[in-house]
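Enquirer: starting from these lines, generate the structure:
(chains A and B)
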Amino acid sequence: MSFGAPIFLSLLALAVPIVLLYLLKQRRRRVEVSTLMFWDQILQDQPSVTSFTQLRKLLSLLLQLLFLLLVTLALARPVLSNRLTGARRVVLLVDTSASMGVREGKQTRFELARERARDVIRGLSMGDTCLLMSVGAEADLVHPFTDSKKELLEALDGLKLSHSGTDFRKAWQRVEQLPPDERETQVYLITDGAFDPIDIVPPPRTQFAYRPVGTRSDNVGITAFSVRPLPSSPRDFQAHLELFNDSEEERVIPVELRIGGRLAEAFEFRVPAGQAVTRTLRQFSAEGGEVEVFADVPDAFPLDNRAYGVLPPPSPIRVRLVTPESPFLERALATDDDLQLEVITPDKFPAATDATVTVFAGCRPTRTPLGAVIFIGDWPEDLGLARQGEVAKPLFTEWQRDHPVNRHLALQNVGIEKALSAQPGRDWQRLASSVTDPLVLLREESTNKVLVITFDPQGSDLPLRVAFPILIGNSVRYLARADTSERWVNPAMGQVLSPPEVMGYLTSAQREAGKTLDAVVTPEGGPVSLKTAPGLVPVERAGLYRGVSADGTTNVLFAANLADRRESRLAPSVELPLRSKTPLVEIQERFRLGFEPWMILASLAVLVSVVEWILFHRRLIE
Amino acid sequence: MSLPPSASLPADDRQAPVFGEDFLSTLEYLHIVARKILSGQMKAERRSRTKGVSVEFADHRPYSPGDDFRFIDWSIFLRTDQLFLKLFEEEEDLHIYLLLDVSGSSDFGVPYKWHYLRRLTAAIGYLGLASLDRVFVIPIGTSLPKGAAQQVALRGKGKVFRLLSFLEGLKASGPTQLGSCLKTFAGSSRKRGLAVVLSDFYDPTALAGLNALRYQKFEVFCVQVVSPQETNPELLGDLRLLDAETGRWREVTLTESLLRRYREAYDTWINTLENTCRKNGVGYVRARTDQPFSDTVVTMLRRKKFLQ
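Expert: Numbering: from 1, shown residues only, chains lettered A, B, ... in the order given. Alright, predicted model coming up:
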């Protein structure tokens, strides 16, 4: 045993004056009374000084010396060794995943879990330290090791339920990284066990306790949902939906699909017991916007009955077609919903209005204009692309299939009468070739983006193929930098987005227009500023996330969904959801001293003081 | 009718004058109250215990040789053939003896018991003077006063200043022999009348003295004046208690239990005194010094035994 503040032991010297004061003869207070008649009457059998009086004085002295000793020891804060007290290191893992929001009577599983955690914290004893970690999609350290129950309880009260799944593996990795300690490590898992058991290798001197919360209940949930525009037309989109029936009987589940808050379609899905069904729905939306799907089934877990998606509004690309006459090309461009077409003859080109992409077909300007330009069948001299005659009957022998311009293209066996033979420099990129002769070339410079098709489609059967409008559309979109591949992708639940990542969810048109965001409004309604550091946006609530621009306008950025079949399965795990090759040691609860020795000493001092007061000041001893 | 506010006393009035500026007005007020309560029984209308000559029939007694045959009741003689004499109540001036305890136990307490006793004596004396009765103030300590200078006999309302002056000159000190003093007084040849004993009665022999007065045909009235510090002492701890009368001391360690026993002994004594007085037809009033003395006077007036 040692002392935290040994200087206070010097207070024991006060015992000397206390003893001296007792040795001094006490001078009695003189009080005049009108008569001693009554006092004589009641004191006739009671001598004023007896041996009992001496004993009483001795007892008083002993009580006061004991009081001094207890107070001195309490102030000196004695510290008992961990071996003596059986101190331990407690790791408290509290599940904050979405399934903990399931109602169990009047309380949610999360509230029940907090009560269990409070019990563990209150049971901390002398020398114990405790670490509090919340476990959702990520394992967050809520409070490091401390012996302060107050701080731990406050940190526990500040815990929030997330809408994510559970990844206890990450939590366990953090437990494994704890530095070694001479005390036993006791790991408490407070969870509904809505995750698959994980394999662990328990460190030495580590014990486990599973505090399950919740009971089994039926549930129907949307376990997958996503929307994406179709490549053929951004106004058409597909919705991918998975419905899971976690009950013991087949269920017919009514589902509503809303776009921009308006009911677009209603379905009914028959889902067998304990199984999931998947459907892909094709829908049309001229404006795009928010997509919400709702499974209209009352159950204990309403969170997984809704899912969200985002369709960015189409922003047409202004295209100027300069041609004497190209009916196939004009039709291919005109039928693309994403494009806003203007057709002019070559003589009107210099006076034409600005366009995002200019397409020259069957003609060429004298000088290469700035901006995004597509030359089909011919190109100006100053382009820097040398011509060396013609190539007869070329074929698409190879093309970069992963390049956005060539996406979804099938160019085999396209019959071409002839093509111009070009000798591209190093700054040109061959997107498609006929052996060594380039058929589609691309050059990207800071002020000038040029795509060249070295043959006239009218002299080929390409316009009769499906690939033609796709090639033209891909080329225009690529040069206009229109993003058709990412806008339907949403961040995963639990992800934390940096400001640049958030900006990535603006449409290409918005980015081109220089739009910036000041804040993001989460589904809870709380704005997260992107302007003040660190400006991180945690994706931890299911719903729609909206961006707030500097001018105060808002637009939806992305959606986040729970979409986790394991979370939608509401049957809690019966056993400790940890597996190990070596048997896991369970925590044996036993009585522990829940407070430090100084508290006992101080309490005893108060008790001695009370006893002394009752015996001598209340004069029970006579 | 409510009492004037002057009846209230300060908490510690030992240094205050015993008779303040408004004391006389308080006395006059008490006189008015007394007249209303006694309603026409004042001034020579009080019935004496002595049978004499007057118009008020009192009783009969058998005729004895030598009796004045003018008072023979002939109507009874005609009915019974027996000679009976008619007796009449003798009307006379009342003699009021105010026996004031001047022992050291009166020199005690807050409010000051000695002031209270003297104010009470003055008030009763004034009521007697105002009724043209003869008022005697007799201080009693270890013995009765020997000379005339040590007591006072007064008659008439105009003698009130002499009464107050006499009381102001008295000192409270020394022990008391209440029982023997009262016996001595009862055995004296004084004319019988009302004997008002004003004391704290902390003397077991007092009961015998009161009985002696009663046996000698005195109308007796006891006024027991006590201090709050005597009825409920707020003392604790190791103390040396000093007797205010004798100077004797006693060391004691006071506890709640001892205080409880003190109160029991105290209550037993004053209840014994009161019950004995009541049983023997002796008027009794107990006054606490923290109550206005005028209240005590009014209480006395309401008792049937006083001033009738």
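Enquirer: counting by contacts, list what the longest helix along chain B packs against.
Expert: Ranked by residue count under DSSP state H, the longest helix found in chain B is helix B:256-279. Applying 3 or more CB pairs under 8 Å, 6 or more residues apart in numbering or on different chains; DSSP states H and E, we find helix B:256-279 packed against helix A:37-43, helix B:206-215, strand B:219-226, helix B:228-231, strand B:283-288. Yep, even glycine has a C-beta here, placed from its N, CA and C like the rest.
Enquirer: what's the angle from the second one to helix B:256-279?
Expert: Using axes from the mean of the first three to the mean of the last three CA atoms, to 10 degrees, the direction of helix B:206-215 lies 10 degrees away from that of helix B:256-279.
Enquirer: please identify the deepest-packed of the helices and strands packed on helix B:256-279.
Expert: Compared across the helices and strands packed on helix B:256-279, strand B:219-226 shows the largest average neighbour count, a mean of 24 (mean count of other CB atoms under 10 Å in any protein chain shown).
Enquirer: tally of neighbours for the residue lying closest to A:Val585 once chain neighbours are set aside?
Expert: Counting by CB to CB, 6 or more residues apart in numbering or on different chains, A:Val585 lies nearest to A:Gln207, which is 4.6 Å off, once chain neighbours are set aside. Using other CB atoms under 10 Å in any protein chain shown, A:Gln207 is surrounded by 16 other residues.
Enquirer: about what we covered before: ok and the longest helix of chain B relative to strand B:219-226, angle-wise?
Expert: Using the same axes, to 10 degrees: helix B:256-279 against strand B:219-226 is 160 degrees.
Enquirer: I'd like the average pLDDT over helix B:256-279.
Expert: Averaged over helix B:256-279, pLDDT sits at 92.
Enquirer: likewise for stretch B:225-241?
Expert: The average pLDDT within stretch B:225-241 is 89.
Enquirer: got the end-to-end distance for that stretch?
Expert: Start to finish, the residues bounding stretch B:225-241 are 21 Å apart (CA to CA, to the nearest Å).
Enquirer: for chain B, what spans make up the helices?
Expert: According to DSSP H, chain B carries its helices in the segments B:23-38, B:74-80, B:113-130, B:160-169, B:178-186, B:206-215, B:228-231, B:256-279, B:293-302.
Enquirer: how many neighbours does A:Arg116 have?
Expert: Neighbourhood size, A:Arg116 [other CB under 10 Å]: 18.
Enquirer: SS state for it?
Expert: For A:Arg116, the assignment made with DSSP: H, G, I helix; E, B strand; the rest coil gives helix.
Enquirer: just give the closest residue to A:Gln588, not the sequence neighbours.
Expert: Nearest residue to A:Gln588 in three dimensions, chain neighbours excluded: A:Gln207, at 7.9 Å (CB to CB, 6+ apart).
Enquirer: which one is A:Leu281 nearest to, not counting chain neighbours?
Expert: Leaving aside its sequence neighbours, A:Leu281 sits nearest to A:Ala239 (CB to CB, 6+ apart; 4.5 Å).
Enquirer: phi, psi of that neighbour?
Expert: Per-residue torsions, A:Ala239: phi -120, psi 120 (degrees, to the nearest 10).
Enquirer: where's it relative to A:Gly261, distance?
Expert: From A:Ala239 across to A:Gly261, the span is 16 Å (CB to CB, to the nearest Å).
Enquirer: who has more neighbours out of the two?
Expert: Per other CB under 10 Å, whichever of A:Ala239 and A:Gly261 has more neighbours is A:Ala239, with 22 against 8.
Enquirer: where does the chain have low pLDDT?
Expert: I went with chain A, as the question did not name one. Counting by pLDDT under 70, chain A has low-confidence residues at A:25-26, A:45-53, A:81-85, A:231-234, A:351-353, A:482-488, A:591-595, A:617-622.
Enquirer: I was thinking of chain B, sorry if that wasn't clear
Expert: B:1-11, B:38-58, B:88-93, B:147-149, B:304-308.
Enquirer: got a list of contacts for the helix or strand where the residue nearest to A:Val585 lies?
Expert: Using DSSP states H and E, A:Gln207 maps to strand A:206-212. Contacts to strand A:206-212, defined as CB atoms under 8 Å, 6 or more residues apart in numbering or on different chains, come from residues A:113, A:116, A:120, A:184-193, A:202, A:572-578, A:584-588.
Enquirer: now do stretch B:212-221: distance to the chain's middle.
Expert: Relative to its chain's centre, stretch B:212-221 lies at 11 Å (CA atoms, centre = their mean, to the nearest Å).
Enquirer: and the end-to-end length of that stretch?
Expert: 13 Å.
Enquirer: what are the contacting residues of that stretch?
Expert: With CB under 8 Å, 6+ apart as the test, stretch B:212-221 has contacts from B:49, B:97, B:182-183, B:185-187, B:192-197, B:210, B:277, B:280-285, B:300, B:303, B:305-306.
Enquirer: give me the buried subset of these.
Expert: Neighbour counting with 16 or more other CB atoms under 10 Å in any protein chain shown marks B:97, B:182-183, B:185-186, B:192-197, B:210, B:277, B:282-285, B:300, B:306 as buried within the contacts of stretch B:212-221.
Enquirer: beta partners of the residue nearest to A:Val585?
Expert: With DSSP bridges applied, A:Gln207 shows beta-bridge pairing to A:Gln186, A:Val585.
Enquirer: any idea how far it is from chain B?
Expert: 57 Å (CB to the nearest CB, to the nearest Å).
Enquirer: go on, A:Val585?
Expert: Separation of A:Val585 from chain B (CB to the nearest CB) stands at 60 Å.
Enquirer: what of A:Thr532?
Expert: A:Thr532 is 68 Å from chain B, by CB to the nearest CB.
Enquirer: likewise A:Asp236?
Expert: Taking CB to the nearest CB, one finds A:Asp236 at 97 Å from chain B.
Enquirer: that residue reaches A:Ala286, doesn't it?
Expert: No. Taking contacts as CB atoms under 8 Å, A:Asp236 lies outside contact range of A:Ala286: 10.2 Å.
Enquirer: neighbour-wise, which of those two wins?
Expert: Set side by side, A:Asp236 and A:Ala286 show more neighbours around A:Asp236, with 14 against 9, by other CB under 10 Å.
Enquirer: quick check: closest non-adjacent residue to the more buried one.
Expert: Distances taken as CB to CB, 6+ apart put A:Leu230 closest to A:Asp236, at 4.3 Å, once the chain neighbours are dropped.
Enquirer: and A:Leu153, by the same measure?
Expert: Excluding the flanking residues, the one nearest A:Leu153 by CB to CB, 6+ apart is A:Ile121, at 5.8 Å.
Enquirer: contact partners for that neighbour?
Expert: A:Leu92, A:Cys130, A:Lys149, A:Leu152, A:Leu153, A:Leu156 are the contacts of A:Ile121 under CB under 8 Å, 6+ apart.
Enquirer: chain B: which of the residues you listed is nearest?
Expert: Nearest to chain B among those, counting by CB to the nearest CB, is A:Lys149 at 42.3 Å.
Enquirer: look at the nearest residue to the closest one once chain neighbours are set aside and give its secondary structure.
Expert: Nearest residue to A:Lys149, sequence neighbours excluded (CB to CB, 6+ apart): A:Ile121, at 5.4 Å. On the three-state scheme (three-state DSSP), A:Ile121 is labelled helix.
Enquirer: which bits of the stretch 1-150 of chain B sit near chain A?
Expert: Within the stretch 1-150 of chain B, the residues that sit near chain A (CB under 8 Å from any CB of the partner chain) are B:Ser105, B:Ser106, B:Phe108, B:Gly109, B:Lys113.
Enquirer: just the helices from chain A, written as ranges.
Expert: Applying DSSP H to chain A gives helices spanning A:15-23, A:37-43, A:51-75, A:82-85, A:109-122, A:149-157, A:168-176, A:327-334, A:467-479, A:499-503, A:508-512, A:565-568, A:597-612.
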